[in-house]
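Q: Okay, predicted coordinates and the sequence, questions at the end:
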Amino acid sequence: MKVRFGYVSTALALYDASPSKTLTFKRYSGMTDEARRDKLLAITEANLNHTMRMLYYNAAHELELYRLSSSIVPLATHPDVQWDFISPFKSKWKAIGDFIKQHKLRVSFHPNQFTLFTSPRKEVTTNAVGDMAYHYRMFEAMGIEYDSYMNIHIGGAYGDKPASLKRFHENIKGLPLPVKKQMTLENDDKTYTAAETLLVCEQEGIPFVFDYHHHMANPCEEPLEELMPRIYNTWMHTGLPPKIHISSPKSDKAYRSHSDFVSLDFIKPFLDLAKKLDADLDFMIEAKSKDLAALQLIEDIAKLRGAKRISGGAVTL
């Protein structure tokens with residue numbers, strides 16, 4: 001089985017390369033109209049340039065997975081701003097998309113924790129739809145909207161998990177179908193287990209992103225051996241390997257927090273299980289040291305008996 005690796009948003013090995021530079025609405029509000037537009041354009045241009053720097057870095061290191069920053073465009077979804085962030089940068093968006101396609105990179109977005117579909121408040125669902133549409137527009141601008149996915153969590157339980165899950169199925173109908181087709185769901189570390197999230201994915205036809213660390217912090221009764229074939233099946237229609245989120249606890253006391261690097265001992269049981277199932281996987285590394293953690297984990301896994309490093313960013317098990 002082949003395992004590819006990637007990381008989240010910012011390559012720490014690069015100098016001053018954050019693709020998530022931002023502008024607060026408070027600061028924006030204190031500016032003149034001309035200064036507002038100039039600032040929005042300048043920050044967005046810098047974030048797009050840094051995104052391209054990240055992609056060059058990934059290609060050079062043969063890291064085929066990358067999670068794009070959700071904060072490329074400042075104030076993109078603020079109801080009092082709502083500006084055209086596509087037209088001024090058409091060539092840059094296209095160049096990023098062309099590079100992704102040329103190097104066959106698998107990219108994704110992960111909208112923030114407020115993008116959820118279980119809330120009883122209508123405005124929360126409205127904002128979630130708007131945020132998902134924002135991410136989809138960026139995919140469209142890059143020309144990769146049919147090949148890339150946006151990952152979110154189910155959301156809160158609000159003291160009544162069955163009722164909240166029912167709301168999820170109802171509220172998700174508000175998503176335009178093209179946007180829904182490009183979404184994935186992930187189990188979380190406190191509320192919805194892997195089994196619960198997987199069932200929702202099966203019911204809605206949504207691919208399931210399994211988070212191993214979250215599963216260990218919030219386990220379900222069903223054995224992982226039974227869940228994994230079903231997880232694979234949710235990805236069958238996409239033509240992509242299942243994506244797995246990989247991290248390890250910061251400490252026993254801060255078990256849910258991510259450590260700087262990934263402990264091989266912590267993920268070894270999952271590797272052993274995956275090897276038995278013998279199907280390709282993609283690992284998104286969520287450690288705080290980002291690209292450095294991904295590259296280190298590749299080296300660590302490659303030292304295991306039976307493992308072989310086949311590129312800068314992939315191993316076989």
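A: Arrived safely. Residues are numbered from 1 along each chain as shown.

Q: need the next SSE after the helix or strand bottoming out on mean pLDDT in the chain, C-terminal direction.
A: Ranked by mean pLDDT, DSSP states H and E, the weakest helix or strand in the chain is helix 25-29, scoring a mean of 94. Using DSSP states H and E, the helix or strand that follows helix 25-29 towards the C-terminus is helix 33-61.

Q: mind listing the strands in the stretch 101-250 of the chain by residue range?
A: 106-109, 149-153, 183-186, 208-211, 243-246 (DSSP state E, counting those that start in this stretch).

Q: export these to CSV and tack on mean neighbour count, mean pLDDT and distance to Ile43?
A: Every C-beta, even on glycine, is put in place using the N, C-alpha and C of the backbone. Output for the strands of the stretch 101-250 of the chain, formatted as CSV (neighbours: other Cβ atoms under 10 Å; pLDDT from 0 to 100; distance: least, Cβ to Cβ, whole Å):
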stretch, mean neighbour count, mean pLDDT, distance to Ile43
strand 106-109, 22, 98, 18
strand 149-153, 23, 98, 22
strand 183-186, 22, 98, 27
strand 208-211, 25, 98, 29
strand 243-246, 24, 98, 28
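
Q: Partner strands of the longest strand along the chain and their direction?
A: Looking across the chain with DSSP state E, the single longest strand is strand 2-8. Strand pairing for strand 2-8, determined by DSSP bridges: strand 65-67 (parallel), strand 281-285 (parallel), strand 314-316 (antiparallel).

Q: if you compare the ones you listed, which one is most tucked away?
A: Sort those by mean neighbour count, taking mean count of other Cβ atoms under 10 Å, and strand 281-285 sits at the top with a mean of 25.

Q: now that strand: how far from the chain's centre is it?
A: Chain-centre distance of strand 281-285: 10 Å, with Cα atoms, centre = their mean, to the nearest Å.

Q: related to what we said a few turns ago, just put the strands of the stretch 101-250 of the chain in a markdown table and tack on distance to Lys2.
A: Formatted as a markdown table, those follow (distance: least, Cβ to Cβ, whole Å):
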| stretch | distance to Lys2 |
| --- | --- |
| strand 106-109 | 13 |
| strand 149-153 | 19 |
| strand 183-186 | 20 |
| strand 208-211 | 17 |
| strand 243-246 | 13 |
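
Q: between these, which gets nearest to Ala17?
A: For those, the distance to Ala17 is smallest for strand 106-109, at 16.3 Å, taking Cβ to Cβ.

Q: And the closest one, what does it pack against?
A: Under the contact criterion of 3 or more Cβ pairs under 8 Å, 6 or more residues apart in numbering; DSSP states H and E, strand 106-109 touches strand 65-67, helix 122-142, strand 149-153.

Q: Swap in 7 Å and give it another go.
A: Packing partners of strand 106-109 (3 or more Cβ pairs under 7 Å, 6 or more residues apart in numbering; DSSP states H and E): strand 65-67, strand 149-153.

Q: So what touches that strand?
A: Strand 106-109 has contacts (Cβ atoms under 7 Å, 6 or more residues apart in numbering) with 64-68, 70, 100, 135, 148-151, 240, 282.

Q: Can you redo those as JSON lines, where the extra columns are distance to Leu317?
A: Shown next, in JSON lines, are the contacts of strand 106-109 (distance: Cβ to Cβ, whole Å):
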{"residue": "Glu64", "distance to Leu317": "16"}
{"residue": "Leu65", "distance to Leu317": "17"}
{"residue": "Tyr66", "distance to Leu317": "22"}
{"residue": "Arg67", "distance to Leu317": "23"}
{"residue": "Leu68", "distance to Leu317": "28"}
{"residue": "Ser70", "distance to Leu317": "31"}
{"residue": "Ile100", "distance to Leu317": "26"}
{"residue": "His135", "distance to Leu317": "32"}
{"residue": "Ser148", "distance to Leu317": "26"}
{"residue": "Tyr149", "distance to Leu317": "24"}
{"residue": "Met150", "distance to Leu317": "29"}
{"residue": "Asn151", "distance to Leu317": "24"}
{"residue": "Leu240", "distance to Leu317": "18"}
{"residue": "Asp282", "distance to Leu317": "13"}
